[in-house]
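Enquirer: predicted model, plus sequence, below.
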Amino acid sequence: MQPIEVQPRLNERNGHAGRTYTRLSDAELVRKATGGDSRALDTLLERYAPKVNRLASQLVGDFEDARDAAQESLVKVCTRLRQFRGEAQFATWLHRLVVNTCRDRMAFQRVRRTEPLVEEERVADEDCDPSRLAALADLRRDVAEALARLSPKQRVVVVLRDSFGLSYPEIARVASIPVGTAKCYVHRARARLKAHLEDLAQA
């Protein structure tokens, strides 16, 4: 099966896709992209790159590895798009691809406790309360640390459920587990996250 050729660099925003392409559905973009339309492929990548980056950053405990996993996932979209058969939504197929890529990368990581991920720098408005910004930064660090303490399977399902809003059937398809198992993992993960955050608050 021949991979789809990618002409633009994945780390550059391509402004030539045009409004017509941005208004197309995922299914229409996939059809055009698999037919060799590079603008359709660019639009798909631009549409999902932020979600891919966010998902990888929450699943992988190291900033550099998360960035590499996200980039690798986007490359796989280009090389494996023709394998997408439309049996599920494109987003579900993509989530599974990212999850599997992150799992592969984490399998080679040394077992270690990592520093919480640093989110994208945002320019603060002059009216923003510095103490509120500091509190939010602390909360993000605490949540990242709590996520890192979960098992990989629990981390995947709770992130897909609570950060991305996927339904349990969608999570089951992405993670290749029964729906009941997905519900169980989410319940246990939430309990562990709550306990860890409460411990941090008391400390």
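Expert: Yep, that arrived. What you are looking at is a predicted structure, and each value in this text was computed from that prediction instead of being measured. Residues are numbered from 1 along each chain as shown.
Enquirer: ok, Glu28 - contacts?
Expert: Residues near Glu28 by C-beta atoms under 8 Å, 6 or more residues apart in numbering: Ala40. Every residue, glycine included, has its C-beta placed from N, CA and C.
Enquirer: how about the strands of this protein, start to end?
Expert: For the chain, applying DSSP state E gives no strands.
Enquirer: tell me who's in contact with the closest residue to Glu170 other than its chain neighbours.
Expert: Excluding its sequence neighbours, the residue lying closest to Glu170 (C-beta to C-beta, 6 or more residues apart in numbering) is Thr92, at 5.6 Å. By C-beta under 8 Å, 6+ apart, the contact set of Thr92 is Leu166, Glu170, Arg173, Val174.
Enquirer: mind pulling up the pLDDT for the second one?
Expert: By that I understand Glu170. Here, the pLDDT recorded for Glu170 equals 90.
Enquirer: average pLDDT for the top helix by length along the chain?
Expert: The residue-count maximum for a helix in the chain (DSSP state H) belongs to helix 179-202. The average pLDDT for helix 179-202 rounds to 87.
Enquirer: tell me the spacing between the residue nearest the centre of the chain and Arg82.
Expert: Nearest to the mean C-alpha position of the chain, counting by C-alpha atoms, centre = their mean, stands Leu55 at 1.7 Å. Distance of Leu55 to Arg82, given as C-beta to C-beta, to the nearest Å: 23 Å.
Enquirer: got the domain ranges for the chain?
Expert: 1-110, 128-203 (automatic domain parsing).
Enquirer: helices of this protein, residue ranges please.
Expert: In the chain, the helices defined using DSSP H lie at 18-22, 26-34, 38-59, 63-80, 90-107, 130-148, 152-162, 168-175, 179-202.
Enquirer: buried stuff in the fifth one?
Expert: Of the residues in helix 90-107, 90-99, 101-103, 105-106 count as buried by neighbour count, 16 or more other C-beta atoms under 10 Å.
Enquirer: let me see the mean pLDDT of it.
Expert: The average pLDDT for helix 90-107 rounds to 90.
Enquirer: any chance of the contacts of Thr92 in JSON lines, with distance to Gln202 too?
Expert: Listed next are the contacts of Thr92 as JSON lines, based on distance: C-beta to C-beta, whole Å:
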{"residue": "Leu166", "distance to Gln202": "32"}
{"residue": "Glu170", "distance to Gln202": "36"}
{"residue": "Arg173", "distance to Gln202": "39"}
{"residue": "Val174", "distance to Gln202": "35"}
